[in-house]
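Chemist: Quick one: sequence and predicted model below, then my questions.
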Protein chains: 2
Amino acid sequence: MNEFDMIERYFAPLTMGNEGTAGLKDDAAVVEVPEGQELVITSDTLNEGVHFLDGEAPEHIARKALRVNLSDLAAMGAAPLCYQLNIAFPERPSEAWLAAFSNALKEDNEKYNIYCSGGDTTSIKGGRLSVSVTAMGTVPKGKAIRRTGAQAGDVIVLTGAVGDAVLGLNVLQRGLDRSQYQGAIESYRIPQPRLELTELMHECVNAAADISDGLIADCVHIAKASGIGAAINLDHLEFSDEVNTALNSNHITDDEVCSAGDDYELILAVSPTRLTRALAELSKLKLKPLVIGEFKDSALGITIKKDGQSADHMIQRGWRHF
Amino acid sequence: MNEFDMIERYFAPLTMGNEGTAGLKDDAAVVEVPEGQELVITSDTLNEGVHFLDGEAPEHIARKALRVNLSDLAAMGAAPLCYQLNIAFPERPSEAWLAAFSNALKEDNEKYNIYCSGGDTTSIKGGRLSVSVTAMGTVPKGKAIRRTGAQAGDVIVLTGAVGDAVLGLNVLQRGLDRSQYQGAIESYRIPQPRLELTELMHECVNAAADISDGLIADCVHIAKASGIGAAINLDHLEFSDEVNTALNSNHITDDEVCSAGDDYELILAVSPTRLTRALAELSKLKLKPLVIGEFKDSALGITIKKDGQSADHMIQRGWRHF
């Protein structure tokens, strides 16, 4: 099986028969952006041993690589369109690996109504796999939800519990008892992009971000991008049973929960007049939204409360590569 | 300097002030595709030690990473729009490295009228840099030049001399005398995407490909994609003085010249009635087009002539990662 066979057998089916991709046999894909829509573009690279564990199962790598990008589209209020898949292999992958990887992507293509428009398959030295996805979505013109749109007075709504993903990572890395943290491991491996919120976001949300850089870091990003302050109250966070167990057993710290970068819930800036409706809609979608603070006038800066006290030292936390 | 500082200082200026990119501070970019246009998307990944030499200068890596993608846009008859830049660093780069890399990209952004719409900056284990670019262009609806469009009888036109890039690589890798092969080294390092042909292509060309997989391999790709045959006559190739010198000195072989994958000239399928005009236009653009064969009825298969004799054994050649 050479490179072209690999593409034909395992990657071409990911185009879902889309004509503009020419079965991945052309120099580039041709994609139509419907009239009245704008394109939303995002990229995320996942590297072995950094973004996923050495030797991680191909189906987990595949889903995570696509879904972290879908989470960015969700944060913009965009609907998925297509994606480019760039994989650098440290050695020739087995057919079993390729089958598992591409089957997982195919399932997600169907689940999220997206197709692979192209990419590049290369060899890389250094022994570690690298998967880079650039995902494209569409949004009605002028309707993208930007980080810059938050206003003083907007309520900070988090779309669910946090900490499960970083707990899952800790369990896998530190050899903790996996049986009691199955849900957390699943959360770490397979993000759930909040694409079901797109309609709600266009109606109720002034600004949004996914919290892939960490809950606090991404709240700060929205505040700074919008030129305003924020008061975040971490006492309003709620956790899954597993995260509560882990916090009580010192298997994870508060700090990790609030600053780790692998949760894919969204932070939404919701104007107070639309809050009731937004929370009701989120609940209808079977999410458990949490009101964790308020965006403030810039003069008030950014403040964090925890255990009823100031915890402003937590502002600087967040995942960084360098 | 942390990751966010790096992005702000060196990569945000590559957005060329484009508003939809929000200075690379949002989850994604918003890009408008003008009405009546379709999007053309392509990706290429360059890995250290595979696509460029270990320790290659940052300005060469930058230009090559962007330009190999621009070459794909050129082959589709598309005009550059924007690109996503995904870089995986094996260690924190120096400010000098980042400055050289980003300055080279900025110059090329201006030269080719394109901007950086986003990307991802990550750390990678294994000691080697990986740069992945996804470039987007636009083409009037229905006007993309596909590989599938060649027809029996179309003339195969190559837009220039080949072999310089692979010679440059050989010189650098095998320690040949660099002083006599300066042009070849430059060709290897800095591809020249043939974007100046876009207008001509829409008027005269039925199918096209860049020859990044190798001259013969890409002729075969067009023929197969179009469901036809081809008769390629390698005796019609012409070479630069440096390549001629190298061929005579056994610094490079015929085989390498015809199958190496680092030239970025285009192969064009031109219907005979438009050939005179196409060649005249190419010459006006200061290119030296070569007629190297003809696409044929599928029943005639694919044939290659060299030194006046059949050289069909060369059909299988071309760069492969696996």
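Modeler: On my side now, so go ahead. Numbers count the residues shown, from 1 in each chain, chains lettered A, B, ... in the order given.

Chemist: Now do the helices in the stretch 101-250 of chain A.
Modeler: A:164-174, A:182-189, A:198-204, A:215-226, A:241-248 (DSSP state H, counting those that start in this stretch).

Chemist: what about the first one, near chain B?
Modeler: Looking back up the chat, that one is helix A:164-174. No - contact of helix A:164-174 with chain B (C-beta under 8 Å from any C-beta of the partner chain) is absent, the minimum separation being 14.7 Å. (Each C-beta comes from the backbone N, C-alpha and C, glycine too.)

Chemist: List the residues that contact the residue lying closest to A:Tyr188 once chain neighbours are set aside.
Modeler: Nearest non-adjacent residue to A:Tyr188, counting by C-beta to C-beta, 6 or more residues apart in numbering or on different chains: A:Gly168, 2.9 Å away. Neighbouring residues of A:Gly168 by C-beta atoms under 8 Å, 6 or more residues apart in numbering or on different chains: A:181, A:184-189, A:262.

Chemist: Could you write me a PyMOL select line covering just the buried ones among these?
Modeler: In PyMOL, this line selects whichever of the contacts of A:Gly168 come out buried by 16 or more other C-beta atoms under 10 Å in any protein chain shown:
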select buried, chain A and resi 181+184+185+187+188+189+262
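
Chemist: Return the member of the contacts of A:Gly168 nearest to chain B.
Modeler: Distance to chain B across these (C-beta to the nearest C-beta) is lowest for A:Asp262, with 13.9 Å.

Chemist: Surely the closest one and A:Leu167 touch.
Modeler: No - counting by C-beta atoms under 8 Å, A:Asp262 does not reach A:Leu167; the two are 9.7 Å apart.

Chemist: which residues are common contacts for those two?
Modeler: Counting by C-beta under 8 Å, 6+ apart, the shared contacts of A:Asp262 and A:Leu167 are A:Tyr188.

Chemist: Mind exporting the C-alpha coordinates of stretch A:159-168 to CSV?
Modeler: Output in CSV follows, covering the C-alpha atoms of stretch A:159-168 (Å, rounded to 0.1, in the frame of the first residue of the first chain):
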residue,chain,number,x,y,z
THR,A,159,-22.6,25.5,29.4
GLY,A,160,-21.7,22.7,31.7
ALA,A,161,-19.5,21.2,34.3
VAL,A,162,-15.7,21.4,33.9
GLY,A,163,-12.7,19.4,35.1
ASP,A,164,-13.7,16.0,33.8
ALA,A,165,-11.2,16.1,30.9
VAL,A,166,-8.2,17.1,33.0
LEU,A,167,-9.2,14.5,35.5
GLY,A,168,-9.3,11.9,32.7
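
Chemist: what is A:Gln37 paired to in the beta sheet?
Modeler: Listed by DSSP bridges, the beta-bridge partners for A:Gln37 are A:Pro140.

Chemist: My understanding was that it contacts A:Val139; is that so?
Modeler: Yes - with contact defined as C-beta under 8 Å, A:Gln37 reaches A:Val139; the gap is 6.5 Å.

Chemist: Got phi/psi on A:Thr21?
Modeler: Here is the backbone geometry of A:Thr21 (degrees, to the nearest 10): phi -90, psi -10.

Chemist: Actually, A:Thr276.
Modeler: According to degrees, to the nearest 10, A:Thr276 has phi -60, psi -50.
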